[in-house]
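In: Make a model of this:
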Amino acid sequence: MDTFSIAGRKVGPNEPPLVLAEVGINHEGDVSKALELVDAAAGAGAEVVKFQCHIVDKEMVPTDMTPGEISSEKLWDIIKRCELNADEERQVQQRCVERGVMYLSTPFSREAADRLESMDVPAFKIGSGECNNLPLLDHIARKGRPMILSTGMNDIASVRRSVDTIRKHNVPVALLHCTSMYPTPYEKVRLGAVEHLQSEFPGVPVGLSDHSMNIWTCLGAVAMGASILEKHFTISRSWPGPDTGISIEPGELKDLIDGSRAVWKARGGTKNILPEEQPVIDFAYATVVTTAPIKAGEPFSRDNIWVKRPGTGPIPASRLEDVLGRRAARDIKADIHVAVADVDGFRP
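Out: A predicted model of the protein is given here:
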């Protein structure tokens, strides 16, 4: 599978999972909160802090629509309240630089994408709502930067059109499986879609943008090969905002980062014996031993031999049946390992 880099950070199945701490609009339009969230994410060990770049009148027409169960407030009012202007976004980006974390943002319009390009972002994160927005994808792909594409609310045919649009411009792309339910019940997460995307788009790094509660499904996704993980992030779920209730807090973010790396290191391999297991084999295995004194010519039986630890004897426990019924080649004391030469006709 392909690996590509974002600001020098390699992304792909042979690299530790890249965790995106998705602040989004959890700052509620307050730049001081946005800066505080950067500090909290950095303190938890985040590599990437991701925001959303909204210019409301460029991304939607005036509407009284509400975002369903997410909030009873009008969508226009939410986005307008949560906008950061260009200067504020640069302040946030600079704080990321100071804290040694990567700043990414999701554009929701051509103008937002252009603003982010002027800020020299290293990559673009595309939200699920824009996954099938081919004109916007084309506009962003022309900028020649890697794109991470969430795929909620889209099927394989739709995702394929989007990937083809991006690839026309020879731009690296990664795909994030996503279920656009807030929160997502565990039975609707569908981790199998990670493998589905991998099979349909060979060579494309695949990850999970997760809206379920806690971090468990993200860890499961890593075991299935996810290269990127995205979770909404807040300092406290008691903060106001449409996404804070499904967000993870700093301690959970740290657990996600540490846990995803542990699972990544643990996945793969085959069922074989490792050389490093030999010291345990030596004391944990059982071998054939005498349980009573045996005279030369006496037959071996369950009354005078059995299997015990440590496993340093020459005849393993699995060969006990091959010893039973044969005769001792010499006198043997009790409580010693039976040697191959002690057993008439025994073949190792």
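In: drop to CA atoms for contacts and neighbour counts, all remaining ones
Out: OK.
In: tell me the secondary structure for the most centrally placed residue in the chain?
Out: Closest residue to the average C-alpha location of the chain: residue 222 at 3.3 Å, with Cα atoms, centre = their mean. Secondary structure for residue 222, judged by DSSP: H, G, I helix; E, B strand; the rest coil, is helix.
In: does it really touch residue 266, like I thought?
Out: No - counting by Cα atoms under 8 Å, residue 222 sits too far from residue 266 to count as a contact (9.9 Å).
In: separation between the residue nearest to the centre of the chain and residue 177?
Out: As defined by Cα to Cα, to the nearest Å, residue 222 lies at a distance of 12 Å from residue 177.
In: So for residue 151, what's the nearest residue that isn't a sequence neighbour?
Out: residue 128 (5.0 Å; Cα to Cα, 6 or more residues apart in numbering).
In: Can you report phi and psi for that neighbour?
Out: For residue 128, the backbone dihedrals (degrees, to the nearest 10) come out as phi -60, psi -30.
In: what's near enough to touch the residue nearest to the centre of the chain?
Out: 17, 260, 263, 264 (Cα atoms under 8 Å, 6 or more residues apart in numbering).
In: Just the pLDDT for it.
Out: pLDDT recorded at residue 222 is 98.
In: give me the low-pLDDT residue ranges for the protein?
Out: Within the chain, the stretches with pLDDT under 70 are 1.
In: Map the structural domains onto the sequence of it.
Out: What the record gives for the chain is the domain set 15-266, 275-342, from automatic domain parsing.
In: So what touches stretch 296-307?
Out: Taking Cα under 8 Å, 6+ apart as the rule, stretch 296-307 contacts 286-294, 317, 320, 323-332.
In: Put the buried members of those residues into a PyMOL selection.
Out: In PyMOL, a selection of the buried entries from these looks like this (16 or more other Cα atoms under 10 Å):
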select buried, resi 286+287+288+289+290+291+294+317+320+323+324+326+327+328+329+332
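In: Can you list which of the contacts of stretch 296-307 are found in strands?
Out: 287, 288, 289, 290 (DSSP state E).
In: quick revisit: looking at the contacts of residue 222, which has the most residues close by?
Out: Within the contacts of residue 222, residue 260 tops the neighbour count with 28 neighbours, counted by other Cα atoms under 10 Å.
In: mind checking which helix or strand that residue is in?
Out: Per DSSP states H and E: residue 260 is located in helix 250-266.
In: before we move on, back to that, tell me the most buried of the domains of the chain?
Out: Neighbour counts (mean count of other Cα atoms under 10 Å) averaged over each of those peak at domain 15-266, with a mean of 19.
In: Just the terminal-to-terminal distance for stretch 185-203.
Out: First-to-last residue span, stretch 185-203, Cα to Cα: 30 Å.
In: I misspoke; the intended subject was stretch 3-22.
Out: Stretch 3-22: ends 22 Å apart by Cα to Cα.
In: Please report phi then psi for residue 180.
Out: For residue 180, the backbone dihedrals (degrees, to the nearest 10) come out as phi -90, psi 70.
In: what helix or strand is the closest residue to it other than its chain neighbours on?
Out: Excluding its sequence neighbours, the residue lying closest to residue 180 (Cα to Cα, 6+ apart) is residue 152, at 5.4 Å. Secondary structure assignment for residue 152, by DSSP H and E: no helix or strand.
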